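**Student:** Dropping the sequence and predicted coords here.
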Amino acid sequence: MPQMVFKRYEIKYQLTEGQRARLERVMETHMRPDEYGPSTVRNVYYDTPTHLLARRSAEHPYYKEKIRVRSYAPAESDTPVFLELKKKCDGVVYKRRCTLALQDADALLGGTRAPEGQIEREIAFAASRYKGLAPAMMVAYDREAFYARDDHEFRMTFDRAIRCRCADLSLAGSSQGHVLTPADQSLLEVKCAAGMPLWLVDFLSAEGIYKGRFSKYGAAVAWRLERERAFGSMPALSRTRRQAPRPEGIRIATRPAALARVAAIA
């Protein structure tokens, strides 16, 4: 059964093709490939018309959250997908997810389906706090995942060809979009509940590879905003949402300086 609740650190590194090849050779002794093999991960991120979730995240607050629907294959309305609430508090990632038919996930976020169970209630409550929440961006990438031979909770993923689009916000059909990352680079994410193993620390140190900040959704929003500035408004969000109270304590700026660095969201 897929894991539905996560608490872990997620550390990100940008690797060249050569660095990735050398790391994979080292990993052969310590890691196993994920049983599902290479996959294309498809995500539809939900946000407000003013990109509130992306803008708040760009300010690197103590707490932030994202809401998305994810599939690992093309998904139609009745296809089971993952509905996820991803929160980050003081550097620790907490993720809640549940499996629903795509149409039910959309209805839950839209407030037209009553939640069932604790995780659905948490996600529905988070969604209800944002005014005009709607599908905002499709983000896809090609992933290879690995887990430690002696610890299934320690995972490493390589994501290549991270791409996005802000029209046709569907998990069905093609995953194509504007490519955000160089063709000769991979994004390595190390997911662990505690410290990293010494063999990985030694490799990263020897290669001079340092952790960085990169948000796939943040980079996608930055691309959209650049296009809006250059070419005018982009296509409107594909669906509308009910009006809900704006969460208190959230500061909304008309053009925050943090947008200039939105692609560097942790």
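**Tutor:** Arrived safely, thanks for sending. Numbering: from 1, shown residues only.
**Student:** got the CA positions of the helix or strand harbouring Gly218 in CSV?
**Tutor:** Using DSSP states H and E, Gly218 sits within helix 216-231. Taking Å, rounded to 0.1, in the frame of the first residue of the first chain, the C-alpha atoms of helix 216-231 are listed here in CSV:
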residue,chain,number,x,y,z
LYS,A,216,9.5,23.1,-9.7
TYR,A,217,6.2,25.0,-9.2
GLY,A,218,8.1,28.1,-8.3
ALA,A,219,10.2,28.0,-11.5
ALA,A,220,7.0,27.4,-13.5
VAL,A,221,5.3,30.4,-12.0
ALA,A,222,8.4,32.5,-12.7
TRP,A,223,8.3,31.5,-16.3
ARG,A,224,4.6,32.4,-16.6
LEU,A,225,5.2,35.8,-15.0
GLU,A,226,8.0,36.5,-17.4
ARG,A,227,5.8,35.6,-20.4
GLU,A,228,3.1,37.8,-19.1
ARG,A,229,5.4,40.7,-18.8
ALA,A,230,6.8,40.1,-22.3
PHE,A,231,3.7,39.2,-24.2
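**Student:** Which parts of that helix count as buried, going by neighbours?
**Tutor:** Lys216, Tyr217, Gly218, Ala219, Ala220, Val221, Ala222, Trp223, Arg224, Leu225 (16 or more other CB atoms under 10 Å). The way it works is simple: take the backbone N, C-alpha and C, and place the C-beta from them, glycine included.
**Student:** try stretch 16-29
**Tutor:** Gln19, Arg20, Leu23, Glu24, Met27.
**Student:** where exactly do the helices run in the stretch 1-150 of the chain?
**Tutor:** For the stretch 1-150 of the chain, applying DSSP state H, counting those that start in this stretch gives helices covering 17-27, 52-58, 102-110, 117-128.
**Student:** Which of those sits closest to Glu76?
**Tutor:** Of all the helices of the stretch 1-150 of the chain, helix 102-110 sits nearest to Glu76, with 6.9 Å by CB to CB.
**Student:** rounded to a whole number, what's the mean pLDDT of the closest one?
**Tutor:** What helix 102-110 shows for mean pLDDT is 96.
**Student:** so what secondary structure elements neighbour that helix?
**Tutor:** strand 63-71, strand 80-89, helix 117-128 (3 or more CB pairs under 8 Å, 6 or more residues apart in numbering; DSSP states H and E).
**Student:** Please repeat the previous calculation with a cut-off of 6 Å.
**Tutor:** Secondary-structure packing of helix 102-110 (3 or more CB pairs under 6 Å, 6 or more residues apart in numbering; DSSP states H and E): strand 80-89.
**Student:** re the thing from before, list the helices and strands the helix holding Gly218 packs on?
**Tutor:** Here helix 216-231 touches strand 134-148, going by 3+ CB pairs under 6 Å, 6+ apart.
**Student:** List the buried residues in stretch 111-128.
**Tutor:** Arg113, Ile119, Glu120, Ile123, Ala124, Ala126, Ala127, Ser128.
**Student:** right, I mislabeled it, should have said stretch 42-55
**Tutor:** Residues Arg42, Asn43, Val44, Tyr45, Tyr46, Asp47, Thr48, His51, Leu52, Leu53, Ala54, Arg55 are the ones in stretch 42-55 that count as buried (16+ other CB under 10 Å).
**Student:** now do the same end-to-end measure for it.
**Tutor:** Taking CA to CA, to the nearest Å, stretch 42-55 runs 22 Å from one end to the other.
**Student:** gap between it and the chain center?
**Tutor:** Mean-position distance between stretch 42-55 and its chain equals 11 Å (CA atoms, centre = their mean, to the nearest Å).
**Student:** Kindly report the same for stretch 219-232.
**Tutor:** With CA atoms, centre = their mean, you get 19 Å for stretch 219-232.
**Student:** which stretches of the stretch 151-266 of the chain have low pLDDT?
**Tutor:** Low-confidence segments of the stretch 151-266 of the chain, defined by pLDDT under 70: 233-266.
**Student:** could you pull out the helices for it?
**Tutor:** Counting by DSSP H, counting those that start in this stretch, the stretch 151-266 of the chain has helices at residues 198-207, 216-231.
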